[in-house]
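Chemist: Attaching a predicted model along with its sequence, questions to come.
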Amino acid sequence: MRQELLSLPKGLAEEVSKNLVMVARLIDEDPEQAYAYSRIALRLASRVAAVREAAGFAAYANQKYSEALAEFRAAKRMTGSVELWPVMADCERGLGRPERALAMAGEPEVQKLDKAGQVEMRLVAAGARRDQGQLEAAIVTLQSPELASNSVQPWTARLRYAYADALLAAGREDEAREWFGKTLEADKDGATDASDRLAELDGVEFVDAGVDLADDVDLVDDADLDDDDDEDEDEDEAEVAAAERASDVAEYYDEDDEEYEPLEQSAAGAGADADVEDDERDSGRDKA
């Protein structure tokens, strides 16, 4: 791609390059935005094969299969390479033409593909068979030396997964379980949902423990809050009662009015008088 961009003026090459970088960065997480960047690059340099290819993949990611196919064909004409042949066949499937995809699977271009390309073409052909309702034919299509090999290659997990899925669709559950297990062994990056499919076959249901735990925590917290509220109410009632008793004991009065004294002082004075009277009686008895 770098070599192709060198054919452009420096400023233009830099601008196109920036847009292509954004396409590559966003195509998986935000395909619509990637598509927008690809259209800018295409407007700037439509005669560059790398730009046409990037535009094709961006359109493909957004299921714009007719547009993607046109861009892939343009890139193929410019480069003479057949590496886009499998994805072009898959565009035919996306357009509802599985028979054309199968016809492409039998073309001489397939023999020019590398091993990864041939496996990809096999996957597309099997998918086209399934589109036509030919499940057993799809299973046979996927049976290959690459499937039987114990060697794990970049395509191994996807190939095994497609085979397991086809077996399951054909009602061959035990075999499907076996091959989903083999898929899981090869899928180190978690590119497939083989583990979920296995769990589903085994009748395992996953419960979101985090949500349940959160609910339990809320219930516990609510109960604690209720207890705290009750304790606060009890404390408030006790304080009110104490205040009322205090108000009964300690009457406030006008200090200039000698007739009134705080009850606390009156009670204390009464106690003192009683003590004096007791002392006087005791003294009288002693004299007697």
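Modeler: Cool, the structure landed.
Chemist: Was I right to think E71 contacts V48?
Modeler: No. At 11.8 Å, E71 does not count as touching V48 under the criterion of CB atoms under 8 Å. Where C-beta positions appear, they are placed from N, C-alpha and C, glycine not excepted.
Chemist: Tell me how far P154 lies from R122.
Modeler: P154 sits 14 Å away from R122, going by CB to CB, to the nearest Å.
Chemist: Tell me which stretches of the stretch 51-200 of the chain form helices.
Modeler: For the stretch 51-200 of the chain, the helices defined by DSSP state H, counting those that start in this stretch occupy 65-79, 85-94, 98-105, 115-131, 135-142, 145-148, 156-169, 173-186, 194-201.
Chemist: now the ones you listed in JSON lines, with mean pLDDT and mean neighbour count?
Modeler: Listed next are the helices of the stretch 51-200 of the chain as JSON lines, based on pLDDT from 0 to 100; neighbours: other CB atoms under 10 Å:
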{"stretch": "helix 65-79", "mean pLDDT": "97", "mean neighbour count": "18"}
{"stretch": "helix 85-94", "mean pLDDT": "98", "mean neighbour count": "23"}
{"stretch": "helix 98-105", "mean pLDDT": "98", "mean neighbour count": "19"}
{"stretch": "helix 115-131", "mean pLDDT": "97", "mean neighbour count": "21"}
{"stretch": "helix 135-142", "mean pLDDT": "98", "mean neighbour count": "19"}
{"stretch": "helix 145-148", "mean pLDDT": "95", "mean neighbour count": "12"}
{"stretch": "helix 156-169", "mean pLDDT": "97", "mean neighbour count": "22"}
{"stretch": "helix 173-186", "mean pLDDT": "96", "mean neighbour count": "18"}
{"stretch": "helix 194-201", "mean pLDDT": "93", "mean neighbour count": "16"}
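Chemist: In TSV: those, plus distance to N19.
Modeler: Below are the helices of the stretch 51-200 of the chain laid out as TSV (distance: least, CB to CB, whole Å):
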stretch	distance to N19
helix 65-79	15
helix 85-94	21
helix 98-105	30
helix 115-131	27
helix 135-142	38
helix 145-148	36
helix 156-169	29
helix 173-186	35
helix 194-201	36
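Chemist: so which of those helices gets nearest Q3?
Modeler: For the helices of the stretch 51-200 of the chain, distance to Q3 was read as CB to CB. The smallest value, 11.5 Å, belongs to helix 65-79.
Chemist: got the CA coordinates for the closest one in CSV?
Modeler: C-alpha atoms of helix 65-79 as CSV (Å, rounded to 0.1, in the frame of the first residue of the first chain):
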residue,chain,number,x,y,z
TYR,A,65,-22.6,-6.0,-0.5
SER,A,66,-23.2,-4.6,-4.0
GLU,A,67,-21.0,-1.6,-3.3
ALA,A,68,-18.3,-3.9,-1.7
LEU,A,69,-18.3,-6.3,-4.7
ALA,A,70,-17.8,-3.4,-7.1
GLU,A,71,-14.8,-2.1,-5.1
PHE,A,72,-13.3,-5.6,-4.8
ARG,A,73,-13.6,-6.1,-8.5
ALA,A,74,-11.9,-2.8,-9.2
ALA,A,75,-9.1,-3.7,-6.9
LYS,A,76,-8.7,-7.1,-8.5
ARG,A,77,-8.5,-5.5,-12.0
MET,A,78,-5.8,-3.0,-10.8
THR,A,79,-3.6,-5.6,-9.1
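Chemist: which strands and helices sit next to that helix?
Modeler: If you count contacts as 3 or more CB pairs under 8 Å, 6 or more residues apart in numbering; DSSP states H and E, helix 65-79 packs onto helix 49-61, helix 85-94.
Chemist: May I see those helices arranged in CSV, with distance to L26 as well?
Modeler: Below are those laid out as CSV (distance: least, CB to CB, whole Å):
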stretch, distance to L26
helix 49-61, 9
helix 85-94, 19
